[in-house]
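Visitor: turn this into a model:
(chains A and B)
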Protein chains: 2
Amino acid sequence: MKKAEMDAYREQALAYFEQAGIVLTDAEKDAVEVTDYDLGHFEDIGLFLLTYFNTGRCSARELVLLPNQACPEHFHPPFNDQAGDNPGKEETFRCRMGKVYLYVDGEPTPAPKCAPPDFHREYFNVGHEIELCPGDQYTLYPGTKHWFRAGPEGAIVSEFSSRIKDDADVFSDPALTRFSTIEE
Amino acid sequence: MKKAEMDAYREQALAYFEQAGIVLTDAEKDAVEVTDYDLGHFEDIGLFLLTYFNTGRCSARELVLLPNQACPEHFHPPFNDQAGDNPGKEETFRCRMGKVYLYVDGEPTPAPKCAPPDFHREYFNVGHEIELCPGDQYTLYPGTKHWFRAGPEGAIVSEFSSRIKDDADVFSDPALTRFSTIEE
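Guide: The predicted structure is shown next:
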């Protein structure tokens, strides 16, 4: 994604934070990450992430989604690095603003309220639906395949988790990467 | 504390959440814990706690403090239970609304902006000051002695942590307990 485009999108995310009354430092505002997963269709598949901290044991971040924007299907595998063996990331999503539809491994919901994006639809396969309105939360344990998509007003989701190691995430779509290449 | 008094205080905490735009479910509103640490001086030493979740690995909660209210000095020791050895609770405090003065082990701050409450003052001893305004955060590792006190407008603090085990906490004041006895 071009840097100017990324900066413009970041301003949209900052407006969401302001609307929700979530106060960020100036350094955090600059650090809001914009990722299109290098697919080039940010408004279909993309995410804003702001990581508050990430120690060896736990982490917290805020996620922002534009209207109908989707985070692609993935799961968090066990990993092993200098900090030792880790069973994989456990994460609890708590909706703060807007609405988010979360899909996880399990019995597909017969009449889901939302659907995958058309773009790269074939890589959105798990279909057990959890609807998260503000105040609702759901805990995902390591290895649970999941994807999520905002409702028509976008969403802010707090993510409380064990240690984040995003480069360990396993995505269903072989074309994407977790990060976005920044072009000048 | 008498149940009626506790319920009235809880309404004050709910007003803080509403002011900050933090949406809670009805079940969470009912579950907001009011503790005076059984000292009977809630407005001097006391805290509201709402635990969002607490798995074996991580936890998140919101803390609310009334104006000038203090959480007593304590630290989080290692513990060992059915889930295995735990090095003790690690917690990150992030101020959401108001202001909180956090005091930790270390070089005492020469001219601190806040002071311990008069009541049971002798049990507030660590004096390295960290001032947390909305958007500011600080991570406490296990074993770090700490206490904190709200500024004159009260405060909301998000606590992101490893697994919570409040009954393991070690308080400096031998007269108090972590929980509040509810009287009819």
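Visitor: please count neighbours and contacts with C-alpha atoms only from this point.
Guide: Will do.
Visitor: tally of neighbours for the nearest residue to A:His74 once chain neighbours are set aside?
Guide: Nearest residue to A:His74 in three dimensions, chain neighbours excluded: A:Phe171, at 4.1 Å (C-alpha to C-alpha, 6 or more residues apart in numbering or on different chains). Applying other C-alpha atoms under 10 Å in any protein chain shown, we find 19 residues neighbouring A:Phe171.
Visitor: my read: A:Phe171 touches A:Pro77, true?
Guide: No. The criterion here is C-alpha atoms under 8 Å, and A:Phe171 misses it with A:Pro77 at 10.6 Å.
Visitor: what segments of chain A are strands?
Guide: With strands called from DSSP state E, chain A shows them at A:33-35, A:47-54, A:58-65, A:70-75, A:79-81, A:84-86, A:91-104, A:128-132, A:137-140, A:146-162, A:170-171.
Visitor: what helices and strands are in contact with the helix ranked longest in chain A?
Guide: Ranked by residue count under DSSP state H, the longest helix found in chain A is helix A:3-20. In terms of contacts (3 or more C-alpha pairs under 8 Å, 6 or more residues apart in numbering or on different chains; DSSP states H and E), helix A:3-20 is packed against strand A:33-35, strand A:58-65.
Visitor: run a quick neighbour tally on A:Lys3.
Guide: Neighbour number of A:Lys3 under other C-alpha under 10 Å is 12.
Visitor: near chain B, which residues of chain A? Just list them.
Guide: Within chain A, the positions lying close to chain B (C-alpha under 8 Å from any C-alpha of the partner chain) are A:20-25, A:57-60, A:90, A:96, A:134-136, A:160-162.
Visitor: got a quick PyMOL command for the buried subset of those?
Guide: Buried residues within the residues of chain A next to chain B, by 16 or more other C-alpha atoms under 10 Å in any protein chain shown, are selected in PyMOL with:
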select buried, chain A and resi 20+22+23+24+57+58+59+60+90+96+134+135+136+160+161+162
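Visitor: and the pLDDT for A:Asp85?
Guide: Looking at A:Asp85, its pLDDT stands at 88.
Visitor: no wait, A:Ile45
Guide: Per-residue confidence (pLDDT) for A:Ile45: 98.
Visitor: ok, it - how many residues close by?
Guide: Neighbour count of A:Ile45, defined by other C-alpha under 10 Å: 25.
Visitor: touching, it and A:Gln69? I think so.
Guide: Yes. In this structure, A:Ile45 is within contact of A:Gln69 by C-alpha under 8 Å, at 5.8 Å.
Visitor: list residues touching both of these two?
Guide: A:Pro117 (C-alpha atoms under 8 Å, 6 or more residues apart in numbering or on different chains).
Visitor: which ones are touching the residue found closest to A:Pro77 once you drop the neighbours it is linked to in the chain?
Guide: Nearest residue to A:Pro77, sequence neighbours excluded (C-alpha to C-alpha, 6+ apart): A:Gly88, at 4.9 Å. Contacts of A:Gly88 were listed using C-alpha under 8 Å, 6+ apart, and they are A:His76, A:Pro77, A:Pro78, A:Phe79, A:Pro142, A:Gly143.
Visitor: how far away from the center of its chain is stretch A:40-59?
Guide: Chain-centre distance of stretch A:40-59: 6 Å, with C-alpha atoms, centre = their mean, to the nearest Å.
Visitor: and that stretch, what's buried?
Guide: Buried, per 16+ other C-alpha under 10 Å, within stretch A:40-59: A:42-53, A:57-59.
Visitor: state the pLDDT value of the residue nearest to A:Pro77.
Guide: 96.
Visitor: I'd like to know how many residues surround A:Tyr9.
Guide: For A:Tyr9, using other C-alpha under 10 Å, the count is 17.
Visitor: again with A:Ala31
Guide: Neighbour count for A:Ala31, taken as other C-alpha under 10 Å: 14.
Visitor: and for A:Lys2?
Guide: Residues lying near A:Lys2 (other C-alpha under 10 Å) number 11.
Visitor: verify the contact between it and A:Phe42 for me.
Guide: No. Counting by C-alpha under 8 Å, A:Lys2 sits too far from A:Phe42 to count as a contact (11.5 Å).
Visitor: roughly how far is the longest helix of chain A from the heart of the chain?
Guide: Relative to its chain's centre, helix A:3-20 lies at 16 Å (C-alpha atoms, centre = their mean).
Visitor: who touches it?
Guide: With C-alpha under 8 Å, 6+ apart as the contact definition, helix A:3-20 has outside contacts at A:23, A:29, A:32-34, A:48, A:64-66, A:96-97, A:156, A:182-184, B:21.
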